[in-house]
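Novice: Below is the sequence, then the predicted model.
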Amino acid sequence: MALHSHMVPIGTRIPDVSLRDREGAEVKVRELVGGQPVLVAFLANHCPYVQHVEQELGRIADEYGDSVTFVGVSSNDLDNYPADGPDGMRDQAERAGWRFEYLLDQDQQAAKDFNAACTPDFFLYDETGTLVYRGAMDASSPKNGEVNDGHLLREALSLAVNGQSVPQPHRPSMGCGIKWKPGNEPPAVNFG
């Protein structure tokens, strides 16, 4: 069942979380903030919605990589979804041409702290670590026939790079729900 992203309030600060890269080294996400915007993307190797956008996300990362820090996060339960673990992450990054950090959220705390709901789910922070965009890459999904061109995310990135605000409302991302470990599901959120 496809889920939509939680529409976290604009102006929210980037969470202070530590994750592991595919080789096991610790990366503090908040320390990636400094001088340029940061895009945090919740992703999953097995999810058809992510597979649908992964090539375009790679092109966007290449296009904006000098002016935006890109970070992918895999938060799914690895006991039940082992394809989303380090080996699958490495395969996906290679297949999609991703050269950005792709981090493992094994305890799922980052997904909770960011209020991520689905994969893909995108959170764009300005150079101070303040949320300026959350939502979709574009209107496409695996079977809806819409063009997969990343125009919504590209527009948000261009505005953030130039220090401009991203007009609202933002289109929620849609994708596979985060696969929570049994008993680790976050409480329902309401930002209304």
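Specialist: In hand now; what should we look at?
Novice: drop to CA atoms for contacts and neighbour counts, all remaining ones
Specialist: OK.
Novice: Now do the SS call for Asp62.
Specialist: Under DSSP: H, G, I helix; E, B strand; the rest coil, Asp62 falls in the helix class.
Novice: Against Asp84, how distant is it?
Specialist: 23 Å (C-alpha to C-alpha, to the nearest Å).
Novice: next one: Gln109
Specialist: 16 Å.
Novice: helix, strand or coil for Asp91?
Specialist: Taking three-state DSSP as the rule, one finds Asp91 in the helix state.
Novice: so Gly177 touches Asn115, yeah?
Specialist: No - applying C-alpha atoms under 8 Å, one finds Gly177 not in contact with Asn115, separated by 11.9 Å.
Novice: out of Gln109 and Asp84, which sits in the more crowded spot?
Specialist: Between Gln109 and Asp84, counting by other C-alpha atoms under 10 Å, Asp84 is the more crowded of the two (24 against 16).
Novice: Centre of the chain to the helix or strand hosting Arg95, how far?
Specialist: Assessed by DSSP states H and E, Arg95 sits inside helix 86-96. In this view, helix 86-96 has its centroid 15 Å away from the chain centroid, taken as C-alpha atoms, centre = their mean, to the nearest Å.
Novice: Please work out which residues outside whatever helix or strand comes next after it touch it.
Specialist: Using DSSP H and E, the helix or strand that follows helix 86-96 in sequence is strand 101-104. Here strand 101-104 makes contact (C-alpha atoms under 8 Å, 6 or more residues apart in numbering) with 19-22, 27, 70-75, 85-86, 89, 93.
Novice: May I ask which helix or strand of this protein has the lowest mean pLDDT?
Specialist: The weakest-scoring helix or strand in the chain, judged by mean pLDDT, DSSP states H and E, is strand 2-4 (a mean of 65).
Novice: Could the C-alpha coordinates of stretch 136-153 be exported in PDB?
Specialist: Extracted in PDB, the C-alpha atoms of stretch 136-153 (Å, rounded to 0.1, in the frame of the first residue of the first chain):
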ATOM      1  CA  ALA A 136       7.900  14.700  -3.900                       C
ATOM      2  CA  MET A 137      10.400  14.700  -6.700                       C
ATOM      3  CA  ASP A 138       7.600  15.000  -9.200                       C
ATOM      4  CA  ALA A 139       4.100  13.700  -9.800                       C
ATOM      5  CA  SER A 140       5.200  10.400 -11.300                       C
ATOM      6  CA  SER A 141       4.800   6.900  -9.800                       C
ATOM      7  CA  PRO A 142       5.600   3.500 -11.200                       C
ATOM      8  CA  LYS A 143       2.300   3.100 -13.100                       C
ATOM      9  CA  ASN A 144       0.600   6.500 -13.400                       C
ATOM     10  CA  GLY A 145       2.200   7.600 -16.800                       C
ATOM     11  CA  GLU A 146       3.400  11.000 -15.400                       C
ATOM     12  CA  VAL A 147       6.800  12.200 -16.600                       C
ATOM     13  CA  ASN A 148       9.600  11.200 -14.200                       C
ATOM     14  CA  ASP A 149      11.700  14.400 -14.500                       C
ATOM     15  CA  GLY A 150      12.200  15.500 -10.900                       C
ATOM     16  CA  HIS A 151      10.900  19.000 -11.700                       C
ATOM     17  CA  LEU A 152       9.500  19.600  -8.200                       C
ATOM     18  CA  LEU A 153      12.700  18.700  -6.500                       C
END
